[in-house]
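Undergrad: Output the structure for:
(one chain, ligands or ions: 1)
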Amino acid sequence: MELNENARIDTSQVEDRRGSGGGGGMGIPIPIGGGGRGGLVGLIIAVLVALVGGGFGLNAATNGGGSDQGDNTSLEQKCSTEDALQQLDCRNTLYVNSIQAYWTKALPEAFGDQYRPSKTVFFSQGVNTGCGQADSGVGPFYCPADDLVYIDLTFYRLLADQLGAEGEFAQPYVLAHEYGHHVQDLLGTEAQMRRQQQRDPNNANALSVKLELQADCYAGAWAKNATGTSDAQGQKIFKSITEQDIQQAIDTAEKIGDDAIQQRSGRPVNPDEFTHGTSEQRQQWFTKGYSTGDPKGCDTFGGTL
Ligand SMILES: [Zn+2]
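TA: Predicted structure coming up:
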């Protein structure tokens, strides 16, 4: 993958809250993970839609305010210098720019709906969100209550060191997956799915898997079209994306499958606890989105919603 050094990095699409302390330690952390939600009904005010389940605890408290303010001043400066593309946060901002440029065009084309931009919040350790207080352990997530994507960028180190997903292209895949949840929010898919979960609690996890696989498929559709995305001045964001990059995304999808994470954590593989899909399913749906490049083909629900 090669990013275009002439593309302007639009930092207004992210919110840098890394300096603010993020409210870590506030409230009572309530850890939930894959399969653990049932016993916590009523305590969780909203459900975070995370990239990975099972192996990562999620801390959410009932006092979420989402009132933290970001300060983009230093990010803005950093991302307008010559070596901006050497910086993890600037590169990630550019990935966000590409993903949103894609959906601004693709959402009306595929579904007849207008795309509404959503910012990505960079935080460290802990953050107050519209879905409650969250800490880095949850991994990147989308909060439907405030329409924001949240990521502690140190997650990528964990992804590489602990899960073995080392390729750079894991990063835009992760972000594109989260923006897939934003698209599901805009289309009403997420709300429909939650209502269906309430009507049919025995299938809550299976429904969650379908939502997650659809987000993987949307990530694949973006990947296919990413080299066609441009900044506000019409400069291409990517110079190239290679088969090797796509393979890195597929490898990441494999590493974060529910079965892989359960195995890695030393637990027996239990399909009843799957919330995001197996390694095979996650690879398949990313690949489906990539091979067709058409988000309409990402019908993981098969008309059941
Ligand atoms: Zn997800």
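
Undergrad: give me the element Arg282 is part of.
TA: helix 279-292 (DSSP states H and E).

Undergrad: residues in contact with that helix?
TA: Helix 279-292 has contacts (C-beta atoms under 8 Å, 6 or more residues apart in numbering) with 173, 209, 212-214, 216-224, 246, 249-250, 253-257, 259-260, 276-277, 295, 297-298, 300. No exception for glycine: its C-beta is placed from N, CA and C like everyone else's.

Undergrad: cutoff 6 Å now
TA: The contact list for helix 279-292 (C-beta atoms under 6 Å, 6 or more residues apart in numbering) reads 213, 216-217, 219-221, 223-224, 250, 253-254, 257, 259-260, 298.

Undergrad: from the middle of its chain, how far away would it be?
TA: Centroid separation between helix 279-292 and its chain, computed with C-alpha atoms, centre = their mean, to the nearest Å, is 16 Å.

Undergrad: before we move on, what about stretch 115-132?
TA: The answer for stretch 115-132 is 11 Å, by C-alpha atoms, centre = their mean.

Undergrad: Flag every buried residue along it.
TA: 115, 118-124, 126-132 (16 or more other C-beta atoms under 10 Å).

Undergrad: got the contact list for the helix or strand hosting Asn205?
TA: Using DSSP H and E, the element containing Asn205 is helix 204-225. In this structure, residues lying in contact with helix 204-225 by C-beta under 6 Å, 6+ apart are 99, 102, 173, 176-177, 180-181, 183, 193, 196-197, 274-277, 281-282, 285-286, 288-290, 293, 295, 298, 300-301.

Undergrad: Closest to the ion out of the contacts of helix 279-292?
TA: Closest to the ion out of these is Asp216 (8.0 Å), distances taken as C-beta to the ion.

Undergrad: just to revisit the earlier point, can you tell me which of the contacts of helix 204-225 are classed as buried?
TA: Buried among those (16+ other C-beta under 10 Å): 99, 102, 173, 176-177, 180-181, 183, 193, 196-197, 274-277, 281-282, 285-286, 288-290, 295, 298, 300-301.

Undergrad: what stretches of this structure score poorly on pLDDT?
TA: 20-49, 51-68 (pLDDT under 70).

Undergrad: Quick check: the farthest pair among the buried residues of stretch 115-132?
TA: Tyr115 and Gly126 (29.9 Å; C-beta to C-beta).

Undergrad: before we move on, back to that, C-terminal to the helix holding Asn205, what's the next element?
TA: Counting by DSSP H and E, what follows helix 204-225 is strand 238-240.

Undergrad: Strand partners (parallel or antiparallel) of that next one?
TA: Paired with strand 238-240 in the same sheet, following DSSP bridges, are strand 2-3 (antiparallel).

Undergrad: what's in contact with the strand it pairs with?
TA: For strand 2-3, using C-beta under 6 Å, 6+ apart, the contacting residues are 85, 239-240.

Undergrad: Now rank those residues by neighbours and give me the top one.
TA: Top of these by neighbour number is Leu85, holding 16 neighbours under the definition other C-beta atoms under 10 Å.

Undergrad: any idea how far it is from Asn92?
TA: 11 Å (C-beta to C-beta, to the nearest Å).

Undergrad: Then Glu168?
TA: 11 Å.

Undergrad: What separation do you get for Gln244 and the ion?
TA: From Gln244 across to the ion, the span is 24 Å (C-beta to the ion, to the nearest Å).

Undergrad: what does Asp272 give?
TA: 19 Å.

Undergrad: who touches the biggest helix by length in the chain?
TA: When the chain is parsed with DSSP state H, its longest helix is helix 88-111. By C-beta under 6 Å, 6+ apart, the surrounding residues in contact with helix 88-111 are 9-11, 13-14, 79, 84-85, 113, 115, 117, 120, 153, 172, 175-176, 179, 222, 225-226, 229, 237, 295-296.

Undergrad: Which ones among the residues you listed map onto helices?
TA: 172, 175-176, 179, 222, 225.

Undergrad: for stretch 283-301, how far is the first residue from the last?
TA: Distance between the two ends of stretch 283-301: 17 Å, counting by C-alpha to C-alpha, to the nearest Å.

Undergrad: Count the residues that sit near Glu5.
TA: If you count neighbours by other C-beta under 10 Å, Glu5 ends up with 11.
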